[in-house]
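In: The sequence and its predicted three-dimensional model are supplied below.
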Amino acid sequence: MLIKVYGSAVFGIEATTIVVEVNIDKGVGYHLVGLPDNAIKESNYRIAAALQNIGYKIPGKKITINMAPADMRKEGSAYDLTLALGILTASEQIKSNGIEDYLIMGELSLDGSLQPIKGALPIAIKAQAEGFKGFILPKDNASEAAVVNGLEVYGVENIKEVIDYFDCGTPLHQTIVDTQKEFYNNIDHPEFDFADVKGQESIKRCMEIAAAGGHNIILIGPPGAGKTMLAKRLPSILPPMTLQEALETTKIHSVVGKVKNQGLMSQRPFRNPHHTISSAALVGGGGYPQPGEISLAHNGILFLDELPEFERRVLEVMRQPMEDREVTIARAQYTVTYPSSFMLVASMNPSPSGYFNDPDAPVTSSPAEMQRYLGKISGPLLDRIDIHIEVTPVPFDKLSEERNGEDSFMVRKRVMAAREIQIQRFRDTESIHYNAQMGPKNIRKFCVLDNPSRELLKMAMKRLNLSARAYDRILKVSRTIADLENASHIKENHISEAIQYRSLDREGWLG
């Protein structure tokens, strides 16, 4: 008897429906075809043990299973439940009432229980788009898949529940999630708050500007100055994710199995990889390509602490994704593209010792040592960082203050107001949503300077020996500063403040 059961494969962040055709005939043998990987080939051992432990068995006949389309490679253990139900229905051990209306996925344990799978959300989106009635999957993934409206989602703990559903009509418990309610209930509860930071008012101002315009930022300062503490609080002042952004972000995290019972992500991601990370782990890749840290930081923040300690080769692979806001990984037979629109926040010490060229510092480094240390970061990478700011240690009187600083809620209100101005400004431009994404054409259009501002910038470029690449960055940042003040035109004070945030472009910065 021939039976068809439906599963799904995930490539990139999109799913493709897989038809599992099971044919049982006279003879002996178990043949699994359709480019399965080793994890799928081993499934017959898991399926045999699981079925035996719940009172069923794999028939001693010739079993031929084809996973169509047969020229597409399938991977992972998530097809165990699909294959097991196909074998049971094809051998007429259970009925197949409406089994073709469901997409079925799950990894089997030897006792018949189900383990969570990866990519449940992209699979659910594809199932809904292709008109499936429901999606049966492990209970741990049910909340994640249930955010898709118009699809019945059934989370199960054991294969016996699925067998009883199709064979005996025993109802399954449907998982229902009010996506919008869940999303908006959790959207305004950041883990960290700017009120925790003592002093550092000028750095907080930089963070506010970076958040308002989506600008990349690098913090340079000695150990203990608060660089990491500030960076971890930046997500709390970013505008809340929209429902569409949350869906995009959750899909990426779903592919690598980082969602499970969480459902739809409501907080912007904050990724903080260690400096020993490889280039494949940072941008994505592998034999079967997976998203890297830059894609897991999509719509959020990628924080690279101690930037010069990363391998230069690893940092250089970020340059193209930072410009295109997506990364494409090519293999011989297929190509996958992952989105990677993130804010880069980097921190670093100014020298191997960790201190500026300061005679009062416990350990000092010579200007040559500092220059050599900073030289580990390439000019093209720095060119993509809009704001460079020096972070100095907080004095005792500030640390010992009882009064808390301004909290993240108040800062976020100003950031959201500035972002709203930018949304209106770029409403007719599909690929640009905030100031940091502007290209030369948009800069000429939206960053027009009056004569006093132009003269100030000209003088700064000459006297401070600012590099040519600093010119566009200063204009972008000054546009954001103007937006925070709700000013329609860039003024001298906006330009002068933006000039301060290009420390590493100044010749003689080291003294």
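Out: Thanks, I have the structure now. Numbering: from 1, shown residues only.

In: which outside residues touch stretch 242-255?
Out: 10, 12-13, 118-122, 125, 144, 147, 179-180, 183, 241, 259, 263-266, 268-269, 290-291, 295-296, 298-300, 338-339 (CB atoms under 8 Å, 6 or more residues apart in numbering). Quick note: C-beta positions are derived from backbone N, CA and C, even for glycine.

In: nearest residue to residue 43 other than its sequence neighbours?
Out: Here the nearest residue to residue 43 in space, its sequence neighbours aside, is residue 80; by CB to CB, 6 or more residues apart in numbering that works out to 5.1 Å.

In: what does residue 148 give?
Out: Going by CB to CB, 6+ apart, residue 148 has residue 124 as its nearest residue, at 4.3 Å.

In: same question, residue 254
Out: Excluding the flanking residues, the one nearest residue 254 by CB to CB, 6+ apart is residue 121, at 4.0 Å.

In: Give me the secondary structure label for the one you found.
Out: helix (DSSP: H, G, I helix; E, B strand; the rest coil).

In: Tell me which of the contacts of stretch 242-255 fall in helices.
Out: Using DSSP state H, the members of the contacts of stretch 242-255 that fall in helices are 120-122, 125, 144, 179-180, 183, 295-296.

In: mind checking how far the residue nearest to residue 148 is from residue 139?
Out: Distance from residue 124 to residue 139, counting by CB to CB, to the nearest Å: 14 Å.

In: neighbour count winner among the two?
Out: residue 124 (27 against 20; other CB atoms under 10 Å).

In: so what's that one up against?
Out: 135, 144-148, 151, 153.

In: pretty sure residue 421 is touching residue 487, no?
Out: No - in this structure, residue 421 is not within contact of residue 487 by CB atoms under 8 Å, at 9.7 Å.

In: So between the two, which is more surrounded?
Out: Comparing residue 421 with residue 487 by other CB under 10 Å, the one with more neighbours is residue 421, at 20 against 14.

In: For the residue lying closest to that one once chain neighbours are set aside, grab the count of nearby residues.
Out: Closest residue in space to residue 421, ignoring its immediate chain neighbours: residue 483 at 4.8 Å, by CB to CB, 6+ apart. Applying other CB under 10 Å, we find 26 other residues in the vicinity of residue 483.

In: In a helix, residue 483, correct?
Out: Yes - judged by three-state DSSP, residue 483 forms part of a helix.

In: Now do it against residue 101, distance only.
Out: In this view, residue 483 and residue 101 are 51 Å apart by CB to CB.

In: got it, and residue 74?
Out: As judged by CB to CB, residue 74 and residue 101 stand 22 Å apart.

In: circling back: looking at the residue nearest to residue 421 now. What's its pLDDT?
Out: Predicted confidence (pLDDT) for residue 483: 96.

In: Name all residues that make contact with it.
Out: Counting by CB under 8 Å, 6+ apart, residue 483 touches 212-213, 418, 421-422, 435.

In: Adding distance to residue 387 and pLDDT, write the residues you listed out as a markdown table.
Out: Listed next are the contacts of residue 483 as a markdown table, based on distance: CB to CB, whole Å; pLDDT from 0 to 100:
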| residue | distance to residue 387 | pLDDT |
| --- | --- | --- |
| 212 | 11 | 96 |
| 213 | 9 | 94 |
| 418 | 15 | 96 |
| 421 | 19 | 95 |
| 422 | 17 | 95 |
| 435 | 12 | 93 |
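
In: circling back: got TSV for the ones in helices among the contacts of stretch 242-255, with neighbour count and pLDDT too?
Out: Formatted as TSV, the ones in helices among the contacts of stretch 242-255 follow (neighbours: other CB atoms under 10 Å; pLDDT from 0 to 100):
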residue	neighbour count	pLDDT
120	35	94
121	27	94
122	25	95
125	20	95
144	32	90
179	16	72
180	12	72
183	21	66
295	31	95
296	24	95
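
In: Tell me the one of those nearest residue 59?
Out: residue 120 (30.6 Å; CB to CB).

In: Quick check: closest non-adjacent residue to the closest one.
Out: Residue 120 sits nearest to residue 141 (CB to CB, 6+ apart), 4.0 Å away.

In: got a pLDDT number for the one you found?
Out: At residue 141, the model reports a pLDDT of 93.

In: so it makes contact with residue 116?
Out: Yes - assessed by CB under 8 Å, residue 141 is found in contact with residue 116 at 5.2 Å.

In: Of the two, which one has the most company?
Out: Neighbours per residue (other CB under 10 Å) separate residue 141 from residue 116, with residue 141 holding more: 31 against 19.

In: now that one: how far from residue 163?
Out: According to CB to CB, residue 141 stands 19 Å off from residue 163.

In: and if you look at residue 452?
Out: Separation of residue 452 from residue 163 (CB to CB): 79 Å.

In: who has more neighbours, the two?
Out: Comparing residue 452 with residue 163 by other CB under 10 Å, the one with more neighbours is residue 163, at 23 against 11.

In: Can you report phi and psi for that one?
Out: Taking degrees, to the nearest 10, you get phi -60, psi -50 for the backbone angles of residue 163.

In: distance of it from residue 112?
Out: Per CB to CB, residue 163 is found 9 Å from residue 112.

In: any common contacting residues for these two?
Out: residue 54.

In: what's the burial count for the closest residue in space to residue 309 that isn't next to it in sequence?
Out: Residue nearest to residue 309 in three dimensions, not counting chain neighbours: residue 275, with 4.1 Å by CB to CB, 6+ apart. Residue 275: 14 surrounding residues under other CB under 10 Å.

In: for the stretch 201-350 of the chain, what spans make up the helices?
Out: Under the criterion DSSP state H, counting those that start in this stretch, helices of the stretch 201-350 of the chain are mapped to 201-213, 227-233, 243-255, 279-283, 293-296, 312-316, 319-324.

In: Next, the contact list for the closest residue to residue 338 other than its chain neighbours, please.
Out: Excluding the flanking residues, the one nearest residue 338 by CB to CB, 6+ apart is residue 295, at 4.1 Å. Neighbouring residues of residue 295 by CB under 8 Å, 6+ apart: 252, 283-284, 327, 338-340.

In: now, among these, which is nearest to residue 428?
Out: Closest approach between the contacts of residue 295 and residue 428, by CB to CB: residue 339, at 21.9 Å.
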